[in-house]
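**Q** here you go, sequence then predicted model.
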Amino acid sequence: MKTATFAAGCFWGIELKFSQIPGVTHTEVGYMGGTTEQPDYKAVCQGDTYHAEVVQLEYDEQQLDYKTLLEHFWSMHNPTTLNRQGPDIGTQYRSAIFYHDESQQLLAEQSKQALDSNGTFNAPIVTQIAPAATFWKAEEYHQKYLAKRGMGSCGI
């Protein structure tokens, strides 16, 4: 199994979307990329920790490759809005790819550059590409939040 970590706004929606991709074997939501040890939801939402809301997933490389995960990531959100997705505003809602090895870094950079070059989006992509840092698992009530409530999306 391999690990991948993505931030694309509120973690509830992207967790559900990634969990439905064949080859993704496990998902968890949490926080990454900030400056505070053991952040909680309240601190992250205040914007003082600089963590992003992320989904960290495990996937079976025999069924799914990282390039395909990137394609899904780009289609799940607007990567051209800085620190914002829909009505959600703040650094915790930024678009980011946290890579776990050099191959993931290279593929992420190549896919971002290709999308910027071919005009897929109407503005430049502002997605951060950074090495994975400590993953801080979010509180239990955030895990599988939409699935537990029988919701197909958060309506954003």
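**A** Thanks, I have it.

**Q** okay, CA-based contacts and neighbour counts for the rest of this
**A** Fine.

**Q** what about the longest helix seen in the chain, average pLDDT?
**A** Longest helix of the chain, by residue count under DSSP state H: helix 102-118. For helix 102-118, mean pLDDT rounds to 97.

**Q** now swap in stretch 16-23 and tell me
**A** Along stretch 16-23, the predicted local confidence has a mean pLDDT of 96.

**Q** same check, this time on stretch 30-42
**A** Averaging pLDDT along stretch 30-42 yields 95.

**Q** quick one, strands of this structure?
**A** Counting by DSSP state E, the segments of the chain that form strands are 2-8, 24-32, 52-59, 84-85, 88-89, 95-99, 128-131, 136-137.

**Q** re earlier: in the longest helix of the chain, what's buried?
**A** By neighbour count, and taking 16 or more other C-alpha atoms under 10 Å as the criterion, the buried residues in helix 102-118 are Gln104, Gln105, Ala108, Lys112, Asp116.

**Q** and if you look at stretch 36-54?
**A** For stretch 36-54, a neighbour-count test (16+ other C-alpha under 10 Å) marks Pro39, Asp40, Val44, Cys45, Gly47, Thr49, Tyr50, His51, Ala52, Glu53, Val54 as buried.

**Q** what is the nearest of these to Tyr141?
**A** Minimum distance to Tyr141 across the buried residues of stretch 36-54 is 12.1 Å, recorded for Asp40 (C-alpha to C-alpha).

**Q** these two touch, right, the closest one and Ala138?
**A** Yes - the pair Asp40 and Ala138 passes the contact test of C-alpha atoms under 8 Å, sitting 6.9 Å apart.

**Q** could I get the pLDDT score of Gly155?
**A** In the prediction, the pLDDT value recorded for Gly155 is 61.

**Q** circling back to that earlier point, and the buried residues of stretch 36-54 as JSON lines, adding distance to Asp65?
**A** What follows is the buried residues of stretch 36-54, written out as JSON lines (distance: C-alpha to C-alpha, whole Å):
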{"residue": "Pro39", "distance to Asp65": "31"}
{"residue": "Asp40", "distance to Asp65": "32"}
{"residue": "Val44", "distance to Asp65": "31"}
{"residue": "Cys45", "distance to Asp65": "32"}
{"residue": "Gly47", "distance to Asp65": "33"}
{"residue": "Thr49", "distance to Asp65": "32"}
{"residue": "Tyr50", "distance to Asp65": "29"}
{"residue": "His51", "distance to Asp65": "27"}
{"residue": "Ala52", "distance to Asp65": "24"}
{"residue": "Glu53", "distance to Asp65": "23"}
{"residue": "Val54", "distance to Asp65": "19"}
